[in-house]
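# Structure for the following, please:
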Amino acid sequence: MTEPPLVTRKVLEALVGDLLPRDTKNRKLILVHGRYLDGPGDFVLPGAARRRVHVTDQPSVLGIVEAWQHHVGHRSADDVLVVTTGVDHDQLGWDLRAYAVRGQTQTVDGAQIVAHRFGAVDVDPRIRQENWLLDALLEIDAPEGWSRDGSVLTRDSAVRAVIGARLGGVTLKAVMDGVLDARAMVEWSLEPHGPDRFAELPVAEQAGLSAWLQGVVGDVAPVVLSLAADGRARDAMPLGVVAAAVVQPKATTESALAFGGLLRGVSSGTVQKFAAAVEASLDRWVAEVASGSARGEIHRQALQDVLRRADELAGQANLSEALTGNRFLYSGFTTRMHAFAKALTGRPSATSISRMERALAELRGHTVAALEPNRYRAAEMATRLVRWTGRPSPEISSTTSGIRHQQTDGGWVDRALSVLWAGDEVADPILAKAYRTVYEAAVARRDAVDEQFSAHLASWVRHPSSTEPAGCLLIEDVLDTVAVPVNKTRAPLILVLDGMSAAVATELGEQLGTRGWIEVAPQTDSRLAAITTFPSVTTASRASLLAGRPIAGGQDVEREGFTAFWRKHHREASLFYKGDLAGSAGNRLADPLITALAGDGVVGVVLNTIDEALDHGRPGDRVQWSVQEITYLSVLLDAARGYGRPVVLVSDHGHVLDHAPNEKPTSAEGVESARWRTGVPAAGEVELTGPRVLLGGGAVVVPWQHRIRYTPRKFGYHGGAALAEVTVPVLVLMPSSGQLPHNWQAVSAEAVTPPWWDDRPQAVQGQEAPKPAKANAKFDAPTLFAQDTLGTLVVGSDAYQAQRMRVPKPPDPQAVAAVLDALVAAGGVLTLSAVATVAGRAARRPEAFAVMLQRLINVDGYPVLSIVDGSQRLRLDVEVLRVQFGVQEA
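Here you go, the predicted structure:
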């Protein structure tokens with residue numbers, strides 16, 4: 001016989017698994033021509049039989065005989081002995097061969113073993129000629145069995161099987177799905193185990209897999225695999241980012257040489273393909289991050305790791321300067337942030353605002369803006385405040401105009417100030433200085449507004465009226481003016497959010513609009529707002545709100561007044577507090593509350609989360625509120641929807657935040673609380689007297705200046721005369737449009753958002769809202785004398801048609817055009833719910849529709865369309881849209 005080949009345990013397992021089922025005589029000895037150098041070993045055959053197999057290598061006839069005799073005498077009757085040997089078949093006696101399967105020594109035909117494992121009759125002849133492939137096929141496992149695709153195992157199927165077993169992860173899924181491409185290869189480089197396994201493979205197998213993948217995927221595959229073989233797989237995607245230094249139009253010879261030190265032996269054409277594959281993956285990940293999905297959060301961390309490593313590599317190769325304009329690198333984001341900071345000013349002009357807007361657009365176009373939204377949000381809030389300070393100063397001519405200002409502008413200003421006060425998460429000193437300048441300018445203007453308001457308030461409180469010009473809704477009239485009309489269709493759920501300011505209401509209003517609630521009001525251009533009693537503390541204002549008349553007191557007074565008010569309107573009423581809400585196992589809400597919600601009476605619930613957070617502090621230093629953060633709010637809203645109840649969301653007072661942590665309490669006489677006292681007013685304070693002053697004997701001193709407090713520091717305060725404290729926001733929510741009170745109308749998010757917030761033109765009163773697109777309309781039907789809009793030009797362009805081919809089941813072009821035109825008309829920003837309304841049936845799921853639009857419009861991944869404000873609004877960069885799709889002014 002020939003020189004015995006080396007055999008591995010994997011080969012023996014396959015051979016035994018092939019031979020034993022065919023042996024009708026149930027023999028226990030298998031003689032194999034080969035050398036087994038792994039030492040004594042045994043294994044258990046898979047399957048129902050579960051027979052144990054013992055392996056030994058014997059170079060002589062005597063050794064074989066002794067091994068067999070030992071097996072017969074000491075092993076279980078069903079165990080099998082495998083003897084590998086180089087002894088010639090003819091030297092074995094008939095008596096020994098009689099015990100062996102097939103009565104002879106077996107030769108190992110790796111190709112036949114492989115064919116058997118794949119359920120094939122034979123293998124592609126090329127497999128027999130490639131030892132690396134045959135060895136790999138004999139070694140790999142398939143726990144769930146190999147796929148069978150014919151009587152002959154083809155080379156491509158064989159290599160795919162090896163890749164799936166060796167490389168795993170993203171690549172395994174891509175192989176099985178038949179969509180293996182360059183993007184899958186670069187993403188595989190970050191898999192936790194696949195690259196390490198590849199590095200451990202024999203050199204011949206590495207070369208074979210690399211050659212095959214190059215033929216299927218292209219030149220990107222050898223680049224990634226070469227890095228993996230060198231133990232540098234995790235640098236593949238970072239290197240693809242840095243490669244922008246040599247593939248950009250203005251690349252220099254010095255940059256090419258520097259990059260060559262990071263990635264040797266790769267042609268410029270291959271580098272270009274490699275960089276494109278990496279950027280495509282990064283753009284896809286960014287889109288998933290923007291969608292807010294669980295996978296998006298996973299990709300957020302991966303993106304951050306890749307981009308930080310890319311910065312390190314760029315620094316090592318002295319390429320940071322060449323990559324200053326790169327839209328991925330953190331260093332490039334810092335450069336753009338500093339340029340943005342330089343454009344900020346506390347005394348804006350048209351020129352400086354234009355410069356700032358361009359800098360913000362550059363910032364928004366950087367990938368890190370999507371990865372670290374809090375940093376971008378701070379920049380966006382700074383921009384909004386600069387826009388506001390660049391507008392004419394508000395003129396407060398009455399108490400009513402002050403309350404209206406706080407609801408339409410001031411609450412948004414306070415919201416932006418809270419974010420800007422926290423500043424940039426990285427604590428960059430350049431940004432900190434710029435943000436401080438903007439913050440102080442906006443605060444100075446806000447304080448001037450509060451001072452004007454306090455002057456009118458002092459005289460108004462002496463003779464309060466809800467009939468002064470434009471009307472001033474009193475907190476004690478909220479039930480009669482708001483809840484009673486709503487009650488005519490279905491008894492409402494009245495949610496009192498203790499301490500909810502106009503700023504918090506702006507956030508909650510945005511979020512509730514995306515949850516399917518319809519906000520309504522007697523006027524379509526503004527939300528309702530009331531004014532507190534005084535001082536603006538819970539004891540005075542909440543009792544007045546719930547009783548429907550000016551009165552001070554605790555929960556007993558509130559409950560008695562609430563039921564009495566509704567009894568006059570022929571409704572039973574129940575009022576619940578924090579201690580009444582918690583249910584038992586299986587129910588989040590208490591049974592009495594559920595019973596009340598299911599009934600016909602009015603239900604009131606007081607939620608204290610905001611007020612308690614300001615009084616006792618809240619975890620971390622977050623500056624925003626969400627529906628989920630307010631305990632029980634989400635579940636109560638869901639319950640109200642389930643029972644078809646309208647919801648009145650109202651506060652008892654607002655609050656001012658402590659943004660002066662180093663200041664000590666103001667020393668004063670007659671201190672009763674953090675923001676009110678008795679005595680003589682000083683600077684920043686005002687004295688209030690009259691029928692609306694329910695404490696302090698009818699005369700109190702309250703500060704309008706936010707910085708004044710009389711007690712030890714907390715996170716926020718109330719009781720004073722600042723607009724943020726005395727303005728009571730009222731949001732009325734309907735579960736369906738069929739329940740609107742007579743002469744009430746739906747309020748759009750765009751109508752209640754000030755133009756400077758989104759940098760859009762002031763809406764013209766009476767302007768007709770964009771109509772939803774008809775899903776079945778024929779888009780290309782000509783209209784007589786019709787003028788092409790920007791949206792129609794975009795969807796009719798060649799660039800759009802090319803993008804459309806890449807998106808599975810794209811929406812109707814008319815719906816896309818309608819959304820683009822609506823965005824242009826709205827100044828570039830719309831809520832997702834408004835986008836869905838414009839798109840009609842094409843956008844039944846607003847979030848998914850927005851992501852689909854991004855895939856259609858964001859050519860090469862550039863953020864023409866961005867999902868902003870916590871995934872609640874869609875922003876369009878009109879100028880970039882025109883450039884990307886080659887269309888001019890419509």
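
# Helices of the stretch 751-890 of the chain, start to end?
For the stretch 751-890 of the chain, the helices defined by DSSP state H, counting those that start in this stretch cover 755-758, 790-795, 798-805, 813-825, 832-839, 846-857, 878-885.

# Report the buried residues of the last one.
Within helix 878-885, the residues that qualify as buried are 880-882, 884-885, counting by 16 or more other CB atoms under 10 Å. Heads up, the C-betas are built off the backbone N, CA and C, glycines and all.

# Tell me if I'm right that G17 and L45 touch.
Yes. Between G17 and L45 there is a contact under CB atoms under 8 Å: 6.1 Å.

# Outline the domain layout of the chain.
Annotated domains of the chain cover 9-108, 167-316, 330-462, 473-657+715-758, 790-885 [automatic domain parsing].

# Show me the helices in the stretch 101-250 of the chain, by range?
Assigned by DSSP H, counting those that start in this stretch, the stretch 101-250 of the chain shows helices spanning 110-117, 125-129, 131-139, 155-166, 169-177, 182-188, 194-200, 203-217, 220-229, 236-242, 244-247.

# V603 belongs to a helix, doesn't it?
No. Residue state for V603 (DSSP: H, G, I helix; E, B strand; the rest coil) corresponds to strand; a helix is not indicated.

# if I look at it, how far off is R588?
16 Å (CB to CB, to the nearest Å).

# who has more neighbours, those two?
Set V603 next to R588 and count neighbours by other CB atoms under 10 Å: V603 wins out with 26 against 16.

# give me every residue that touches the more buried one.
491-494, 573-574, 576, 593, 596-597, 645 (CB atoms under 8 Å, 6 or more residues apart in numbering).

# Please save the CA atoms from the lengthiest strand in the chain in CSV.
Assignment by DSSP state E gives strand 727-734 as the longest strand of the chain. Provided in CSV are the C-alpha atoms of strand 727-734 (Å, rounded to 0.1, in the frame of the first residue of the first chain):
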residue,chain,number,x,y,z
THR,A,727,-48.8,80.6,33.2
VAL,A,728,-51.0,77.5,33.3
PRO,A,729,-50.8,75.6,30.0
VAL,A,730,-54.0,73.7,29.0
LEU,A,731,-53.8,70.9,26.4
VAL,A,732,-57.1,69.3,25.2
LEU,A,733,-56.7,65.9,23.6
MET,A,734,-59.3,64.0,21.6
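
# strands paired with that strand, and their directions?
Sheet pairing of strand 727-734 (DSSP bridges) gives strand 518-521 (antiparallel), strand 528-531 (antiparallel), strand 647-650 (antiparallel).

# Could you give the average pLDDT over it?
Mean per-residue pLDDT for strand 727-734: 96.

# can you check stretch 859-875 too?
So the average pLDDT for stretch 859-875 ends up being 77.

# before we move on, what about stretch 651-666?
88.

# List the buried residues of that stretch.
651-659, 666.

# what's near enough to touch T532?
Counted by CB under 8 Å, 6+ apart, T532 has contacts 475, 540-541, 544, 652-653, 725-728.

# can we see that at 10 Å?
403, 474-476, 540-542, 544-545, 651-654, 692, 694, 718-719, 721, 725-728 (CB atoms under 10 Å, 6 or more residues apart in numbering).

# So what's the residue count around S393?
Counted with other CB under 10 Å, S393 comes out at 10.

# same question but for L313, I mixed them up
L313 has 18 neighbouring residues, counting by other CB under 10 Å.

# again with H742
Neighbours of H742 under the rule other CB under 10 Å: 8.

# Check the one 5 residues further on too.
Using other CB under 10 Å, the number of residues around V747 comes to 23.

# Check what pLDDT it gets.
pLDDT, V747: 85.

# That one and Q624: what is the separation?
As judged by CB to CB, V747 and Q624 stand 22 Å apart.

# Please apply the same query to T792.
Relative to Q624, T792 is positioned 38 Å away (CB to CB).

# who's more crowded, the two?
For T792 versus Q624, the count of surrounding residues by other CB under 10 Å is larger for T792: 22 against 15.

# Contact partners for V224?
Neighbours of V224 in contact, by CB under 10 Å, 6+ apart: 171, 182, 184-189, 195, 198, 210, 213, 217, 232-233, 236-237, 239-240, 274, 277-278.

# For the stretch 351-500 of the chain, which segments are assigned as helices?
Assigned by DSSP H, counting those that start in this stretch, the helices in the stretch 351-500 of the chain fall at 367-371, 373-389, 399-405, 411-422, 429-462, 478, 484-487.

# ok, the residue nearest to S454 when sequence neighbours are not counted - contacts?
Excluding its sequence neighbours, the residue lying closest to S454 (CB to CB, 6 or more residues apart in numbering) is W704, at 3.9 Å. The contact partners of W704, by CB under 10 Å, 6+ apart, come to 447, 449-455, 457-458, 656, 681, 684-686, 720-723, 725-726.

# By mean pLDDT, point me to the weakest helix or strand of the chain.
helix 169-177 (a mean of 69; mean pLDDT, DSSP states H and E).

# for the stretch 551-700 of the chain, what are the low-confidence residue spans?
Flagging of the stretch 551-700 of the chain using pLDDT under 70 yields the residue ranges 617-623.

# Which parts of it are strands?
Here the stretch 551-700 of the chain has its strands, by DSSP state E, counting those that start in this stretch, at 573-576, 602-607, 647-650, 656-657, 671-673, 676-677, 685-689, 699-703.

# can those go into JSON lines with extra columns for distance to S354?
Output for these, formatted as JSON lines (distance: least, CB to CB, whole Å):
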{"stretch": "strand 573-576", "distance to S354": "53"}
{"stretch": "strand 602-607", "distance to S354": "44"}
{"stretch": "strand 647-650", "distance to S354": "38"}
{"stretch": "strand 656-657", "distance to S354": "32"}
{"stretch": "strand 671-673", "distance to S354": "46"}
{"stretch": "strand 676-677", "distance to S354": "45"}
{"stretch": "strand 685-689", "distance to S354": "40"}
{"stretch": "strand 699-703", "distance to S354": "38"}
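
# Among those, which comes closest to H299?
Judged by CB to CB, the one of these that comes nearest to H299 is strand 656-657, at 34.4 Å.

# Give me the contact list for the closest one.
Outside strand 656-657, the residues that touch it by CB under 10 Å, 6+ apart are 414, 417-418, 421, 450, 501, 503, 614, 623, 674-675, 703-709, 714-720, 722-725.

# The residues you listed, buried ones only, as a ChimeraX selection?
In ChimeraX, a selection of the buried entries from those looks like this (16+ other CB under 10 Å):
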select :414,417,418,421,450,501,503,614,623,674,675,703,704,705,706,708,709,716,717,718,719,720,722,723,724,725
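
# which ones among the contacts of strand 656-657 are found in helices?
Taking DSSP state H as the definition of helices, the contacts of strand 656-657 contribute 414, 417-418, 421, 450, 503, 614, 723-725.

# Among those, which pair sits farthest apart?
Spatially, the most separated pair among the ones in helices among the contacts of strand 656-657 is D450 and L614, at 18.7 Å (CB to CB).

# In this structure V159 contacts Q214, no?
No. Look at V159 against Q214 with CB atoms under 10 Å: they stay out of range, at 11.9 Å.

# pLDDT averaged over the host helix or strand of R295 - what is it?
R295 belongs to helix 294-316 when assigned by DSSP states H and E. Mean per-residue pLDDT for helix 294-316: 92.

# relative to helix 429-462, how tilted is the next helix or strand after that helix?
Using DSSP H and E, the helix or strand that follows helix 294-316 in sequence is helix 330-343. If you take axes from the mean of the first three to the mean of the last three CA atoms, to 10 degrees, helix 330-343 sits at 50 degrees to helix 429-462.

# what about dumping the CA coordinates of helix 330-343 to PDB?
Only the C-alpha atoms of helix 330-343 are listed here, as PDB (Å, rounded to 0.1, in the frame of the first residue of the first chain):
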ATOM      1  CA  TYR A 330     -14.900  63.100  15.500                       C
ATOM      2  CA  SER A 331     -12.100  65.600  14.900                       C
ATOM      3  CA  GLY A 332     -14.000  66.900  11.900                       C
ATOM      4  CA  PHE A 333     -17.100  67.300  14.100                       C
ATOM      5  CA  THR A 334     -15.100  69.200  16.700                       C
ATOM      6  CA  THR A 335     -13.900  71.500  13.900                       C
ATOM      7  CA  ARG A 336     -17.400  72.100  12.800                       C
ATOM      8  CA  MET A 337     -18.600  72.700  16.300                       C
ATOM      9  CA  HIS A 338     -15.900  75.300  16.800                       C
ATOM     10  CA  ALA A 339     -16.900  77.000  13.600                       C
ATOM     11  CA  PHE A 340     -20.400  77.000  14.800                       C
ATOM     12  CA  ALA A 341     -19.400  78.500  18.200                       C
ATOM     13  CA  LYS A 342     -17.500  81.200  16.300                       C
ATOM     14  CA  ALA A 343     -20.700  82.100  14.500                       C
END
